[in-house]
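**Q** Provided below are the primary sequence and the corresponding predicted coordinates.
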Amino acid sequence: MTGIRVLGGEVDRGAEILTPDALEFVAGLHRSFAATRDELLALRKRRRPLSFRPETAHVREGDWRVAEAPEPLRDRRVEITGPTERKMAINALNSGAKVWLADLEDANTPHWRNVVAGQVNLYDAARGTIEHRSPEGKRYVLGDGPRPAIVVRPRGWHLPERHIEVDGAPAVGALVDFGLHFFHNARLGRPYYYLPKLEGHREARLWNDVFTAAQARLGVPHGTVRATVLIETIPAAFEMEEILYELRDHASGLNAGRWDYLFSIIKYFRDQGADHVLPDRDSVTMTAPFMRAYTELLVRTCHKRGAFAMGGMAAFIPNRRDPEVTRRALAKVRDDKRREADDGFDGSWVAHPDLVPVCAEVFDDRLGDRPNQLDVPREDVHVTADQLLDFASAGGQATRAGVTGAVDVGVRYLMSWLGGNGAAAIHNLMEDAATAEISRSQLWQWVHNGVVLDDGTPVTADLVRSLLRDTRDRLDGEHLDLAVELFEQVALADDFVDFLTLPAYERIA
Ligand SMILES: CC(=O)SCCNC(=O)CCNC(=O)[C@H](O)C(C)(C)COP(=O)(O)OP(=O)(O)OC[C@H]1O[C@@H](n2cnc3c(N)ncnc32)[C@H](O)[C@@H]1OP(=O)(O)O
Ligand SMILES: O=CC(=O)O
Ligand SMILES: [Mg+2]
């Protein structure tokens, strides 16, 4: 293990995951691909004017299709997402969904213990041996029914893993998550992944190169991996075809990751003037014309290339103790899934086991006895660059409630994240890293573009600071002071912080 150091503390059964061979495998990927990752991250900083690229027109016009879906991924009508915490993993596997998106990204705090325990849980889940006893004594085992395919979402390219050093540098977080999972589980079959936060086709090419090398190094046949790419950044919306093309031997589909997509729009156009300012998060819905353009283009692109179009996350969460909250959540989620099914999506995401039946019912209705709707080409869809960029079409306004809510939710979420829970129900909505990014980047954008609220108050750094003080006085709990400090940094620092998880990670690593 020359050049490899594990700096994290001991985690139960961690030795089964962090074996010398597994670490050598991860280090090998890091040595082959970290330099390209660094180069591509640097390129992200150059915000070019967005349009469909003339130099890749041949890809968009060419005649090609992605690899055929393997049997476990032919029917993806309901996908449940969630962190890889042991109890939740078992609940997800027993939920009746077709896919479990095992999340090492938006819904996960990359505490070392979560990184390692998540891999232990994935190891046991892949072998069908996962079991758990809760502190209250409740026993969790896998049921007898059909189990979802497991699709693992590694961290995005931007995050380091400081607890593993390769040749003196922190390992690339994405390669740690992917590498450990692939090393231990790929030979069992079904090495399936979701790829987050890509900004363009060269980042997809990097993942493809990683898959090609990983398969060759372990003797797994080329093309066994399947990857679904989240289209959740505004530059990637202009490169959907190119992304599928780069990954065509391994591509399984695209997903409309709406929350990071909105964050990315705010980030990309954060200092571009009032025309690019988005209003309160609540008032930008999936029916806003620029969001319709994005999702319609995604379905059209996927089906033209034989890839699955996967819907995104409605944030409404049921509450088993409050039937009225549950009724409202089910109705909202049903509407969201119905629109997606009618648009031609092949399936969609839910955040909670009690939402699986709703999504299943809507897609059952639409699909009949077909496993998907790849046969719906959506050739009627023609989306222009202007439509994707028509943010004024959202309508809506920045309001006093919007600013107050953004501060409150952002701080509450960071408290949860710092405590190790990367997803939380806050005011009956699912909040995760992507939704928290919207809260803080929206404030940054409003402050820097002189936005005035519905009640005539200008949004200034002082206003945000005073709301942060109120929030600190009102809330109580572990990590409150650090959450407030971090929120102030990521909402107000003059130099926009690329991802809130970057400074937050420095405080937990
Ligand atoms: C923008 C994006 O990237 S979206 C994708 C990333 N985000 C996510 O994956 C969020 C996933 N969802 C969750 O983490 C949770 O549902 C939360 C945090 C929103 C709410 O969790 P809770 O407050 O625990 O919900 P609740 O108390 O209603 O849970 C009831 C039961 O369902 C289980 N459960 C809830 N959500 C999930 C889930 N997503 N997967 C598996 N089990 C779940 C709970 O563990 C609990 O189990 P138990 O009865 O055995 O104790
Ligand atoms: O990852 C999904 C999103 O909406 O962000
Ligand atoms: Mg996301």
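**A** Nice, I can see it. Ligands and ions are numbered 1, 2, ... in the order given.
**Q** How far off centre is stretch 310-329?
**A** Distance of stretch 310-329 from its chain centroid, counting by CA atoms, centre = their mean, to the nearest Å, is 19 Å.
**Q** Show me what it is in contact with.
**A** 76, 79, 81, 228, 253-259, 295, 330, 332-333, 336-337, 340, 345-352, 354-355, 425, 428-431, 435 (CB atoms under 8 Å, 6 or more residues apart in numbering). Quick note: C-beta positions are derived from backbone N, CA and C, even for glycine.
**Q** Just confirm yes or no for that stretch near ligand 3.
**A** No - Stretch 310-329 stays clear of ligand 3 (CB under 5 Å from the ion), getting no nearer than 8.5 Å.
**Q** ends of that stretch, how far apart?
**A** One end of stretch 310-329 sits 20 Å from the other (CA to CA, to the nearest Å).
**Q** Give me the buried positions along that stretch.
**A** The neighbour-count check on stretch 310-329 (16 or more other CB atoms under 10 Å) flags Met310, Gly311, Gly312, Met313, Ala314, Ala315, Phe316, Ile317, Pro318, Val325, Thr326, Ala329 as buried.
**Q** neighbours around the nearest residue to Leu198 once chain neighbours are set aside, how many?
**A** Distances taken as CB to CB, 6 or more residues apart in numbering place Ala236 nearest to Leu198, at 5.4 Å, with adjacent residues excluded. Ala236: 25 surrounding residues under other CB atoms under 10 Å.
**Q** pretty sure Ala236 contacts Ile243?
**A** Yes - between Ala236 and Ile243 a contact is recorded at 6.5 Å, counting by CB atoms under 8 Å.
**Q** any residues in contact with both of the two?
**A** Counting by CB under 8 Å, 6+ apart, the contacts common to Ala236 and Ile243 are Leu198, Gly200, Val229.
**Q** Could you check how far the second one is from Tyr245?
**A** This points to Gly200. To Tyr245, Gly200 is 12 Å away according to CB to CB, to the nearest Å.
**Q** returning to that earlier point: with secondary structure and neighbour count as extra columns, can I get the shared contacts of Ala236 and Ile243 in TSV?
**A** Output for those, formatted as TSV (DSSP: H, G, I helix; E, B strand; the rest coil; neighbours: other CB atoms under 10 Å):
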residue	secondary structure	neighbour count
Leu198	coil	25
Gly200	coil	21
Val229	strand	28
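**Q** Closest one of these to Arg474?
**A** For the shared contacts of Ala236 and Ile243, the minimum distance to Arg474 (CB to CB) is 38.3 Å, reached by Leu198.
**Q** and that closest one, what pLDDT?
**A** pLDDT, Leu198: 98.
**Q** host element of the residue in the stretch 51-200 of the chain that ligand 2 sits nearest to?
**A** Among all residues of the stretch 51-200 of the chain, Asp106 sits closest to ligand 2, at 4.9 Å; criterion: CB to the nearest ligand atom. Here Asp106 sits in a region with no helix or strand, counting by DSSP states H and E.
**Q** From Leu482, how far off is Met489?
**A** Not Met; residue 489 is Gln. 11 Å.
**Q** And Tyr140, by the same measure?
**A** Using CB to CB, Tyr140 is found at 32 Å from Leu482.
**Q** likewise Arg281?
**A** For Arg281, the distance to Leu482 (CB to CB) stands at 24 Å.
**Q** Looking at these two, which is more packed in?
**A** Just comparing Arg281 and Leu482: by other CB under 10 Å the higher neighbour count belongs to Arg281, 22 against 15.
**Q** I'd assumed Ile438 was in contact with that one.
**A** Yes - contact criterion CB under 8 Å: Arg281 and Ile438 qualify, at 5.4 Å.
**Q** and the stretch 401-509 of the chain, which of its residues are near ligand 2?
**A** Residues of the stretch 401-509 of the chain lying close to ligand 2 (CB under 6 Å from any ligand atom) are Ala434.
**Q** And the residue of the stretch 401-509 of the chain found nearest ligand 1, what's its pLDDT?
**A** With CB to the nearest ligand atom, the shortest gap between the stretch 401-509 of the chain and ligand 1 falls at Ala423, namely 3.4 Å. Model confidence at Ala423, given as pLDDT, is 98.
**Q** Show me the contact partners of stretch 464-484.
**A** Identification of contacts with stretch 464-484 by CB under 8 Å, 6+ apart yields 403-404, 407-408, 411-412, 414-415, 418-419, 443, 447, 487-488, 491-492, 507.
**Q** Flag every buried residue along it.
**A** Buried residues in stretch 464-484, counted by 16+ other CB under 10 Å: Val464, Leu467, Leu468, Thr471, Arg472, His479, Leu480, Ala483, Val484.
**Q** and the fifth one, what helix or strand is that in?
**A** Taking DSSP H and E as the definition, one finds Arg472 inside helix 461-474.
**Q** State the separation between that helix and the centre of the chain it belongs to.
**A** Its chain's C-alpha centre and that of helix 461-474 lie 29 Å apart, by CA atoms, centre = their mean.
**Q** export it as PDB, just CAs?
**A** Output of helix 461-474 as PDB, limited to C-alpha atoms (Å, rounded to 0.1, in the frame of the first residue of the first chain):
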ATOM      1  CA  ALA A 461     -26.400  41.500   3.700                       C
ATOM      2  CA  ASP A 462     -27.600  43.300   6.900                       C
ATOM      3  CA  LEU A 463     -31.100  42.000   6.500                       C
ATOM      4  CA  VAL A 464     -29.900  38.400   6.100                       C
ATOM      5  CA  ARG A 465     -27.600  38.800   9.100                       C
ATOM      6  CA  SER A 466     -30.400  40.100  11.200                       C
ATOM      7  CA  LEU A 467     -32.600  37.200  10.200                       C
ATOM      8  CA  LEU A 468     -29.800  34.900  11.000                       C
ATOM      9  CA  ARG A 469     -29.600  36.400  14.500                       C
ATOM     10  CA  ASP A 470     -33.400  35.900  15.000                       C
ATOM     11  CA  THR A 471     -33.000  32.300  13.800                       C
ATOM     12  CA  ARG A 472     -30.200  31.600  16.200                       C
ATOM     13  CA  ASP A 473     -32.400  33.000  19.100                       C
ATOM     14  CA  ARG A 474     -35.400  31.000  18.100                       C
END
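**Q** Done for today, thanks.
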